[in-house]
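Participant: sequence and predicted structure, then a few things I'm wondering about:
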Amino acid sequence: MRNYHTHTFRCKHADGDVIDYAREAQKRGLSVLGMTDHTALPDDKWLGMRMAYSELVDYIEAIEQAQAEFPDLEILKGMECEWMPEYHAYFRDELLGEHEFDYLILGCHFFPYKGEWLSSHYQLTDADRLRSYTDFLITSMESGLFAFTAHPDLFGLSYLCWDENTVAASRDILSAAEELGMILEFNGYGLSKRIIDTPQGVRVAYPWQPFWEMAVDYDISVVVNSDSHSPEGVAFGVAEGMEKVKELGLKLADLDHLNRSIPVILKNEL
């Protein structure tokens, strides 16, 4: 079992440090543990849900300490990132370059809308905002910096009903993933932690079933992760997610040789 999406206490909404996750991962028989806390940003933007830039070195050292103490467990050094043009060089040159992170993942938790940044968790409440989220997610995917896109169907948390707008958004996201060769994440955390009541009934906010039923029609691959926010959740939803992916007939991504996610700069090279 493998998990490529894990958080630490530094993001302010998770518990435990790398060593705690490594210890639990070994107990549960994981072979790969990817640490991907919400990335530090040079200007400390959105500091309420990520580590401070001053904590970056401490995070790296915590990963290296766990790697030394658990040599039989493959512990990868990663970050979950909000892409913006002004951070592109930082992600490429400092994280992937200077600090030699193994990979970065894209997590679009905010999106630009009419001059301000809105939350993808709570403020995707109409078709216009969903369009803005979709366009920004695709632009972020096109940066070429990321090994995979976390919870691409996150919009299901606040856009409550499946309709022609979600169909259009999903089609565009899936088409972009196919064109770019972008791996999409089937998020295990959402399977039991994101249950919501909607006009169409009680459902899991994400992974949103209709999105992944549409995904079958595209040449994409998926990775199943726990998105763990506590050591005891280090394998959260992975087995169940793998079963659902199998039932849907989705293709699993090959991340066996994930070392360094060397960025392939695409059309919006910065």
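Facilitator: Thanks, I have the structure now.
Participant: for the rest of this, base every contact and every neighbour count on C-alpha atoms.
Facilitator: Noted.
Participant: please, where are all the strands along this protein?
Facilitator: 2-3, 32-38, 74-81, 103-106, 110-113, 116-119, 148-149, 183-187, 195-198, 201-204, 221-225, 251-252 (DSSP state E).
Participant: okay, the ones you listed in a markdown table with mean pLDDT next?
Facilitator: Converted to a markdown table, those look like this (pLDDT from 0 to 100):
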| stretch | mean pLDDT |
| --- | --- |
| strand 2-3 | 96 |
| strand 32-38 | 97 |
| strand 74-81 | 97 |
| strand 103-106 | 97 |
| strand 110-113 | 97 |
| strand 116-119 | 97 |
| strand 148-149 | 98 |
| strand 183-187 | 98 |
| strand 195-198 | 95 |
| strand 201-204 | 96 |
| strand 221-225 | 97 |
| strand 251-252 | 96 |
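Participant: what are the ranges of the helices in the stretch 101-250 of the chain?
Facilitator: Ranges of helices in the stretch 101-250 of the chain, per DSSP state H, counting those that start in this stretch, are 127-141, 164-180, 190-193, 209-215, 238-248.
Participant: which of those has the lowest mean pLDDT?
Facilitator: Mean pLDDT per stretch puts helix 190-193 lowest among the helices of the stretch 101-250 of the chain, at a mean of 84.
Participant: give me every residue that touches the residue of the chain positioned farthest from its centre.
Facilitator: Most distant from the centre of the chain: residue 199, at 27.4 Å, with distances by Cα atoms, centre = their mean. Going by Cα atoms under 8 Å, 6 or more residues apart in numbering, residue 199 touches 160-161.
Participant: okay, it and residue 74: tell me how far apart.
Facilitator: 44 Å (Cα to Cα, to the nearest Å).
Participant: repeat for residue 37
Facilitator: Taken as Cα to Cα, the span from residue 37 to residue 74 is 17 Å.
Participant: likewise residue 214?
Facilitator: 33 Å.
Participant: just residue 256 next, same as before
Facilitator: Residue 256 is 11 Å from residue 74, by Cα to Cα.
Participant: neighbour count winner among these two?
Facilitator: residue 74 (16 against 7; other Cα atoms under 10 Å).
Participant: identify the residue nearest the more buried one in space, chain neighbours excluded?
Facilitator: Residue nearest to residue 74 in three dimensions, not counting chain neighbours: residue 32, with 4.8 Å by Cα to Cα, 6 or more residues apart in numbering.
Participant: surely the one you found meets residue 75?
Facilitator: Yes - with contacts defined as Cα atoms under 8 Å, residue 32 counts as touching residue 75 at a distance of 6.0 Å.
Participant: pick out whichever of these two has more residues nearby.
Facilitator: The neighbour comparison of residue 32 against residue 75 (other Cα under 10 Å) goes to residue 75, with 25 against 19.
Participant: which ones are touching the residue nearest to that one when sequence neighbours are not counted?
Facilitator: Distances taken as Cα to Cα, 6+ apart place residue 33 nearest to residue 75, at 4.8 Å, with adjacent residues excluded. Residues near residue 33 by Cα under 8 Å, 6+ apart: 2-6, 22, 25, 73-76.
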